[in-house]
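Asker: Need the 3D shape of this:
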Amino acid sequence: MTLAVIQMASQADIQANLATARRLLEQAAASGARLAVLPENFAAMGRSDLPAVGRAEAEGAGPILPWLKQVACDLRLWIVAGTLPLPPDDQPQAKVRACSLLVDDQGQRVARYDKLHLFDAEVSDARGRYRESDDYAAGERLVVVDTPVGRLGMSVCYDLRFAELYLALRQAGAELISAPSAFTSVTGQAHWEMLIRTRAIETQCYMLAAAQGGEHSGGRLTHGHSSIVDFWGRVLNEQATGEAALTAARETAEQNAMRQRMPLLSHRRFTTPRIASRILE
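Answerer: Numbering: from 1, shown residues only. The predicted model follows:
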């Protein structure tokens with residue numbers, strides 16, 4: 001079962017980003033991938049009109065959701081659509097959320113995860129201050145869902161710093177976890193690989209870390225280093241910067257055997273009941 005992560009250096013031009021994403025997804029599908037993960041903000045990076053973009057999509061007037069359905073159907077590929085701005089399904093006029101959608105190979109939406117942890121932080125780069133909460137509202141639910149390549153837990157970028165989320169995903173049966181991201185160059189150099197590999201080791205899951213990697217509108221730099229990391233913390237495939245369609249195989253029998261030899265879940269003495277109760281499948 002082949003997994004894929006896509007790395008991009010998305011800009012403000014939505015149509016250009018969608019064209020790039022399709023080309024890279026085609027490469028992943030040609031390599032045999034059944035599921036591919038796009039990076040955070042794959043379609044709209046650095047725009048100042050994210051709420052308007054999200055409302056247009058929710059009203060059926062935007063290009064991103066129709067594109068996503070068409071590409072999934074054309075390539076017969078399950079796709080984790082990084083993130084895009086979308087209001088809650090039942091509140092179209094509410095503040096948008098950083099929404100990660102999973103669509104199947106028929107173009108049907110299977111799951112929606114709204115980013116739980118928003119990146120409000122000061123970083124020693126050219127921008128200095130990041131306030132995701134200015135544009136987005138935080139999500140409320142964890143999501144774990146069955147796919148042809150295994151049971152998928154969903155997360156996004158800054159979530160990686162909160163271990164309890166990933167332990168709850170594992171408790172809900174996750175075998176692989178998506179992590180579309182746009183880490184800054186500074187924070188990525190310091191912590192990206194460490195966090196991805198740690199989350200893989202502690203959950204005994206494959207981590208599908210699809211990142212932005214390069215220079216964006218306004219001079220923002222993202223770290224890149226998209227990777228597929230296995231349940232033992234081994235980096236199976238990685239690219240530093242620039243565009244990439246990375247693939248690796250999931251070794252199901254080996255993962256299951258290792259979980260039996262080292263049953264972390266049954267050894268755990270502390271649980272996260274408040275978080276675990278919020279799982280949405």
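Asker: which residues in the stretch 51-200 of the chain form helices?
Answerer: Ranges of helices within the stretch 51-200 of the chain are 64-75, 163-171, 185-187, 193-203, based on DSSP state H, counting those that start in this stretch.
Asker: Can you name the residues in contact with the shortest one?
Answerer: Translated: helix 185-187. With C-beta atoms under 8 Å, 6 or more residues apart in numbering as the contact definition, helix 185-187 has outside contacts at Val123, Ser124, Asp125, Leu221, Thr222, His223. No exception for glycine: its C-beta is placed from N, CA and C like everyone else's.
Asker: and the residue nearest to the spatial centre of the chain, how far is that from Arg199?
Answerer: Nearest residue to the geometric centre of the chain (C-alpha atoms, centre = their mean): Pro180, 2.5 Å. Distance, Pro180 to Arg199, by C-beta to C-beta, to the nearest Å: 14 Å.
Asker: With Gly128 instead?
Answerer: 27 Å.
Asker: And Ser10, by the same measure?
Answerer: Distance from Ser10 to Arg199, by C-beta to C-beta: 24 Å.
Asker: Please apply the same query to Thr83.
Answerer: Computed as C-beta to C-beta, the Thr83 to Arg199 distance reads 18 Å.
Asker: again, but for Val71
Answerer: Val71 sits 28 Å away from Arg199, going by C-beta to C-beta.
Asker: hmm, back to that, could you dump the helices of the stretch 51-200 of the chain to a markdown table with distance to Ser266 and mean pLDDT?
Answerer: Formatted as a markdown table, the helices of the stretch 51-200 of the chain follow (distance: least, C-beta to C-beta, whole Å; pLDDT from 0 to 100):
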| stretch | distance to Ser266 | mean pLDDT |
| --- | --- | --- |
| helix 64-75 | 37 | 98 |
| helix 163-171 | 11 | 94 |
| helix 185-187 | 34 | 94 |
| helix 193-203 | 14 | 98 |
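Asker: what's the closest of the ones you listed to Ala244?
Answerer: helix 193-203 (15.5 Å; C-beta to C-beta).
Asker: Touching the closest one from outside, list them.
Answerer: Residues outside helix 193-203 that contact it (C-beta under 8 Å, 6+ apart) are 160-161, 163, 166-167, 169-170, 174, 177, 179, 205-207, 209, 225, 227, 229-233, 235, 264.
Asker: Just give me how far that helix sits from the chain centre.
Answerer: Taking C-alpha atoms, centre = their mean, to the nearest Å, one finds helix 193-203 lying 15 Å from the centre of the chain it belongs to.
Asker: Return the set of buried residues in it.
Answerer: Buried residues in helix 193-203, counting neighbours by 16 or more other C-beta atoms under 10 Å, are found at Glu193, Leu195, Ile196, Arg197, Thr198, Arg199, Ala200, Ile201, Thr203.
Asker: Please verify my assumption that Gln27 contacts Ala245.
Answerer: Yes - between Gln27 and Ala245 there is a contact under C-beta atoms under 8 Å: 3.9 Å.
Asker: of those two, who's got more company?
Answerer: Neighbours were tallied for Gln27 and for Ala245 using other C-beta atoms under 10 Å; the higher tally belongs to Ala245 (24 against 18).
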